[in-house]
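Enquirer: How does the following fold in three dimensions:
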Amino acid sequence: MVTRGHEGPEMEIFHLLRAVAVEYGLRQADFAAEHGMHVTDVRALICLLDAERAGTGATAGHLGAGLGLNSAGTTAVIDRLERLGLVSRVRDVRDRRRVLLKVEECAKELGWSHFGPLIDGAVAVLSGFDERQTAAVRLFLRTTLDALTARGR
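Expert: Residues are numbered from 1 along each chain as shown. Alright, predicted model coming up:
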């Protein structure tokens, strides 16, 4: 276990991870400001895109849980994104009572125009790693994320 004040290689890696998270957060804030959004709106789009990538139909409840928002806050985020034409509410084809949130193509294009170079740069770095290095990075990030989410918000 690493104790407070310990500045070994583990802490150096943690500080680098934190710096990456802060820098990415700044890029999210830039994107939000540039497009008349709140940073929470950007986080909402990411949450919805992650659900889409996982093949999960995202409801307002799913989004609220992912963002740590109550029902009113979640509705406000969805309404803002819908007004901007970035998200739409659609009926679930399997259960017409259920309303799903869909990220519109224009939102994806907007995101790629801003974040694409950052993603491409990270992918280029990772493509230079061998299989063992990639597995180590994945394991570190997955278990760190698991530890963070296990603690709750």
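
Enquirer: Give me the secondary structure label for the residue nearest to residue 87 when sequence neighbours are not counted.
Expert: Closest residue to residue 87 apart from its sequence neighbours, by C-beta to C-beta, 6 or more residues apart in numbering: residue 81 at 3.9 Å. Every residue, glycine included, has its C-beta placed from N, CA and C. Taking DSSP: H, G, I helix; E, B strand; the rest coil as the rule, one finds residue 81 in the helix state.

Enquirer: Would you mind confirming that residue 81 is in contact with residue 41?
Expert: Yes: using C-beta atoms under 8 Å, residue 81 is in contact with residue 41, at 5.8 Å.

Enquirer: Apart from its chain neighbours, what residue comes closest to residue 69?
Expert: In space, residue 69 is closest to residue 77, 6.9 Å off (C-beta to C-beta, 6+ apart).

Enquirer: Work out the gap between the helix or strand hosting the one you found and the centre of the chain.
Expert: Element membership of residue 77 [criterion: DSSP states H and E] is helix 71-83. Averaging C-alpha positions (C-alpha atoms, centre = their mean, to the nearest Å) puts helix 71-83 17 Å from its chain's average.

Enquirer: which residues touch that helix?
Expert: Helix 71-83 has contacts (C-beta atoms under 8 Å, 6 or more residues apart in numbering) with 37-38, 40-41, 44-45, 60-61, 63-64, 67, 69, 87-89, 101, 107.
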